[in-house]
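Peer 1: Give the three-dimensional model of this entry:
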Amino acid sequence: MQNVKTKLLNIQGFKKETNLKANLSKSIFLGLVLALAGQNEAKAQLTVTGQIRPRTELRDGQGTLQKEGDDSALFTSQRTRLNVGYTGYRFKAFLALQDVRVWGQDQSSINRTTTEANNGVLLHEAWTELILNDTVSKFQNISLKIGRQEIAYDDQKVLGNLDWLQQGRRHDAVVFKFANKGWIADLGAAFNQNKELNVGTLYNGIPPTTAGYPAGTNGIGTMYKSFQYAYIGKKFFFGDLSLLFFKDDFNKFTTIASVYTPLQGVWSRTTSGFYYKVNLTRKINFTGSYYYQGGRDKTGRVLSANLASITSTVQLGRKLFVGPGVDFLSGTDGTKPVTADSRSNKFDPLYGTPHKFWGTMDYFYVASPFGNQGLLNYFFKAKYNYTDKMTFFADVHGFQSANAISNGAGGTRTRYLGTELDLKMTYNFTKLINIEAGYSYMQATNTMASAQVKNVTNADLSPQWAYVALKFSPNFLATKKM
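Peer 2: Next up is the predicted model:
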């Protein structure tokens with residue numbers, strides 16, 4: 001009997017020990033799973049992506065008219081970006097380092113004892129976003145975004161990242177962001193200075209000649225001293241509606257004997273207006289905007305100007321989208337003399353993306369000054385999704401001055417500037433690899449070449465432009481095939 005009890009106790013002990021070992025094994029396994037899950041979660045907080053975008057262009061009058069007999073230009077530029085993002089407890093951080101240069105501008109063996117004027121390495125973005133929501137907040141997002149960042153809204157007509165330009169556009173700013181139930185409200189501000197100072201706040205906003213590009217859109221040539229803006233947007237069942245108020249300030253200056261000297265104080269320009277997108281039916285929508293500019297421009301002239309735009313899109317079948325549209329940007333009557341006290345009616349599209357709207361030949365509101373007489377842009381756009389990977393685009397523009405243009409002899413010129421055809425094709429090899437090719441042709445008028453517009457004598461009035469670009473956007477932490 002004693003032997004039986006002993007055996008039973010041994011069996012019970014063995015079962016307890018077995019269960020203990022089994023529970024211990026389960027605990028260890030569960031711990032490993034949680035640890036691995038934690039590691040995966042930690043990895044998910046970190047993103048490392050990139051972009052390599054070489055683009056070859058054949059320019060035969062792109063950007064401005066060439067003279068008859070001028071040779072075409074052929075070159076390849078490349079943008080290389082490394083993007084690092086991290087999300088932690090109640091904060092986000094993002095860093096984008098980019099290099100932009102033309103193939104061959106650096107010799108294969110660079111002399112490092114000299115400063116390379118064409119060095120294109122810069123910090124495109126570097127910001128942190130502090131999440132201000134608390135644990136009981138019902139709001140979707142309240143945050144403060146601080147540092148160098150892209151600022152883009154709506155269709156990017158007046159505020160955009162200008163992604164077509166290899167350098168892109170960014171701002172050193174602080175933006176308070178609010179989002180909840182379809183509402184978006186942003187408040188932003190920036191204050192620029194050339195360097196650390198002990199006295200005063202004068203700012204020289206003219207970029208150095210080595211920069212290669214003027215400050216701002218439309219060849220404004222002067223960087224803002226500061227800006228403040230408010231943006232409010234709402235998504236409705238019928239579409240989107242937003243309001244924008246933007247004020248940019250330019251340091252006052254004087255020019256004596258071609259010497260630019262900053263002065264105390266600023267001239268302030270205000271731009272206010274709205275953007276809308278209305279889905280009339282499932283296959284018909286309208287997009288439009290209106291903005292008014294007041295205050296003073298960068299030279300101190302009193303400003304009163306406006307922009308109005310409307311675009312329609314109609315879906316025909318499953319693959320074809322077409323629609324006409326028109327843009328109006330005000331200007332000054334070219335037959336009236338301009339004095340220091342004259343009011344300016346020239347609308348400047350702030351820091352937007354002109355390449356997207358006013359022809360890919362970039363004749364209007366891009367690097368070289370334009371707009372004294374304003375612009376009427378009549379256009380018709382078409383998009384055809386040939387396959388899931390290949391899409392074709394075709395745009396036709398008719399450009400006309402919004403005001404009279406003097407012929408310099410007491411009369412006026414025809415207001416019509418030219419007709420432009422823009423063709424583009426995109427093809428996605430994979431989700432990470434895209435190729436894009438385009439061709440543009442313009443039939444310009446003598447008014448376009450005149451001293452009041454482009455000021456090119458003996459101009460070739462049939463400019464053209466072609467390009468092909470490859471965009472590779474790797475995700476360095478991705479584990480799946482893309």
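Peer 1: For the residue nearest the centre of the chain, which non-adjacent residue is spatially closest?
Peer 2: Against the mean C-alpha coordinate of the chain, by Cα atoms, centre = their mean, the closest residue is residue 161 at 1.4 Å. Spatial nearest neighbour of residue 161, chain neighbours left out: residue 150 (4.2 Å); criterion: Cβ to Cβ, 6 or more residues apart in numbering. To be clear about C-beta, it is placed using only N, CA and C from the backbone, and glycine gets the same treatment.
Peer 1: how close does the one you found sit to residue 193?
Peer 2: Going from residue 150 to residue 193 by Cβ to Cβ, to the nearest Å gives 21 Å.
Peer 1: Give me the more crowded residue out of the two.
Peer 2: residue 150 (17 against 14; other Cβ atoms under 10 Å).
Peer 1: ok now do the more buried one, which residues does it touch?
Peer 2: Residue 150 makes contact with 125, 161, 168-171, according to Cβ atoms under 8 Å, 6 or more residues apart in numbering.
Peer 1: try residue 245
Peer 2: 229-231, 270-272.
Peer 1: who wins for most neighbours among these?
Peer 2: residue 271 (25 neighbours).
Peer 1: Quick check: that residue is in a strand.
Peer 2: Yes. Assessed with DSSP: H, G, I helix; E, B strand; the rest coil, residue 271 lies in a strand.
Peer 1: contacting residues for it?
Peer 2: 158, 244-248, 291-293, 350 are the contacts of residue 271 under Cβ under 8 Å, 6+ apart.
Peer 1: Quick one: mark the members of those residues that sit in strands.
Peer 2: 244-248, 291-293 (DSSP state E).
Peer 1: now those residues: which count as buried?
Peer 2: 244, 246-248, 291-293 (16 or more other Cβ atoms under 10 Å).
Peer 1: one step back: format the ones in strands among the contacts of residue 271 as a markdown table; extra columns: distance to residue 366.
Peer 2: Listed next are the ones in strands among the contacts of residue 271 as a markdown table, based on distance: Cβ to Cβ, whole Å:
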| residue | distance to residue 366 |
| --- | --- |
| 244 | 22 |
| 245 | 25 |
| 246 | 20 |
| 247 | 23 |
| 248 | 18 |
| 291 | 18 |
| 292 | 22 |
| 293 | 18 |
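Peer 1: State the pair within these that is farthest apart.
Peer 2: 248 and 292 (14.6 Å; Cβ to Cβ).
Peer 1: Widest-spaced pair of the contacts of residue 245?
Peer 2: Longest span within the contacts of residue 245, Cβ to Cβ: 231 and 270, 14.2 Å.
Peer 1: Secondary structure element for residue 310, which one?
Peer 2: strand 305-316 (DSSP states H and E).
Peer 1: who touches that strand?
Peer 2: Contacts for strand 305-316 (Cβ under 8 Å, 6+ apart): 157-158, 273, 282-293, 321-331, 344-349, 357, 381.
Peer 1: Now go through the residues you listed and say which are in strands.
Peer 2: 273, 284-293, 321-329, 381.
Peer 1: Just the buried ones from the residues you listed?
Peer 2: For the ones in strands among the contacts of strand 305-316, buried by 16+ other Cβ under 10 Å: 273, 285-289, 291-293, 321, 323, 325, 327-329, 381.
Peer 1: Identify, from those residues, the entry nearest to residue 59.
Peer 2: Nearest member of these to residue 59, counting by Cβ to Cβ, is residue 381, at 23.4 Å.
Peer 1: The closest one: what's it in contact with?
Peer 2: Counted by Cβ under 8 Å, 6+ apart, residue 381 has contacts 311, 313, 322-325, 393-396.
Peer 1: Please repeat the previous calculation with a cut-off of 6 Å.
Peer 2: 323, 395 (Cβ atoms under 6 Å, 6 or more residues apart in numbering).
Peer 1: Look up which residues are beta-bridged to it.
Peer 2: residue 323, residue 395 (DSSP bridges).
Peer 1: Quick one: neighbours of the closest residue to residue 86 other than its chain neighbours, just the number.
Peer 2: Leaving aside its chain neighbours, residue 86 sits nearest to residue 93 (4.9 Å; criterion: Cβ to Cβ, 6+ apart). Residue 93 has 15 neighbouring residues, counting by other Cβ under 10 Å.
Peer 1: so what's residue 93 bridging to?
Peer 2: Beta-bridge partners of residue 93, as defined by DSSP bridges: residue 86, residue 128.
Peer 1: next one: the one 5 residues further on
Peer 2: Applying DSSP bridges to residue 98 yields these beta-bridge partners: residue 81, residue 122.
Peer 1: That one and residue 479, how far apart?
Peer 2: Relative to residue 479, and taking Cβ to Cβ, residue 98 is found at 26 Å.
Peer 1: swap in residue 439?
Peer 2: 39 Å.
Peer 1: of the two, who's got more company?
Peer 2: residue 439 (16 against 7).
Peer 1: Residue 149 versus the more buried one, what's the distance?
Peer 2: Taken as Cβ to Cβ, the span from residue 439 to residue 149 is 34 Å.
Peer 1: now residue 168
Peer 2: Distance of residue 168 to residue 149, computed by Cβ to Cβ: 11 Å.
Peer 1: Which one's more surrounded, the two?
Peer 2: Neighbours per residue (other Cβ under 10 Å) separate residue 168 from residue 149, with residue 149 holding more: 23 against 19.
Peer 1: Mind listing residues that contact stretch 283-291?
Peer 2: 271, 273, 275-279, 307-315.
Peer 1: Filter the residues you listed down to the buried ones and hand me the PyMOL line.
Peer 2: Filtering the contacts of stretch 283-291 down to the buried ones (16+ other Cβ under 10 Å) takes a single PyMOL command:
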select buried, resi 271+273+275+276+277+307+308+309+311+312+313+315
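Peer 1: Go ahead and measure how far the strand holding residue 310 is from the middle of the chain.
Peer 2: 20 Å (Cα atoms, centre = their mean, to the nearest Å).
Peer 1: Run through the strands of the stretch 51-200 of the chain in chain order.
Peer 2: Under the criterion DSSP state E, counting those that start in this stretch, the stretch 51-200 of the chain contains strands at 73-88, 91-102, 121-131, 141-149, 171-180, 183-191.
Peer 1: Nearest to residue 449, out of those?
Peer 2: Closest among the strands of the stretch 51-200 of the chain, using Cβ to Cβ: strand 73-88, at 18.9 Å.
Peer 1: now that closest one: mean pLDDT?
Peer 2: Regarding strand 73-88, the rounded mean pLDDT is 96.
Peer 1: Buried residues of it, list them for me.
Peer 2: Applying 16+ other Cβ under 10 Å to strand 73-88 flags 77-84 as buried.
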